[in-house]
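> Structure for this input, please:
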Amino acid sequence: MNTTVLALFFGLFVAVAATQMLIPAKPATRRDLPGTAGMFGAGGVIGVLAGLVGAGGGFVSIPFMTWCGVRIHGAVATSAALGFPIALSGTLANMVFGSNAPGLPAYSLGFVYLPALAVIATASVIMAPLGARTAHRWPVQRLRRVFAFLLYALAIYMLWKGVALARQVG
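Coordinates of the predicted model:
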């Protein structure tokens, strides 16, 4: 897949999701989460996007669930639970697909750099309870704004990367 197109598409997609999070509260939706087939399809799209960009899927699953009428606190909590299986399957795939890649640094298992994995995972596990506690203390509107800000930062970064890649090629 063309990396430039992927980065630009992803950046625009995330910017749209961020904008949706900022739109003032609309009347309560009558939309529900889809049935099993719809959830499987949504999960497939979320998994593919998460795998493509090396993210946990929260950037798509939270806007999807809130669009379906799930309260933001429930969407954040569910996304946190989804993060582990998404990250595990993505990590294992990167280990397998990178197992014979040339030029990897020492202490790599496929494309996974183990020292970074150890430090970042440890810090994340230690700080996750603080994030969960904070999310449940904040009012819904503040939580939506903070999440939208993070999505915009991710979108700007991906668009910047896409433009930089396009300049290298052209």
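> any idea how far residue 60 is from residue 146?
For residue 146, the distance to residue 60 (CB to CB, to the nearest Å) stands at 17 Å. Any C-beta I mention is one placed from the backbone N, CA and C, and that applies to glycine too.
> of those two, who's got more company?
residue 60 (23 against 14; other CB atoms under 10 Å).
> Could you check how far the lengthiest helix in the chain is from the centre of its chain?
In the chain, with assignment by DSSP state H, the single longest helix is helix 140-169. Averaging C-alpha positions (CA atoms, centre = their mean, to the nearest Å) puts helix 140-169 12 Å from its chain's average.
> buried ones in it?
Neighbour-count burial for helix 140-169 flags 143-144, 147-148, 151-152, 154-155, 158-159, 161-162, 165 (criterion: 16 or more other CB atoms under 10 Å).
> now for it, which elements pack on it?
helix 3-22, helix 58-67, helix 72-97 (3 or more CB pairs under 8 Å, 6 or more residues apart in numbering; DSSP states H and E).
> hmm, try it at 10 Å
Judged by 3 or more CB pairs under 10 Å, 6 or more residues apart in numbering; DSSP states H and E, the packing partners of helix 140-169 are helix 3-22, helix 58-67, helix 72-97, helix 114-137.
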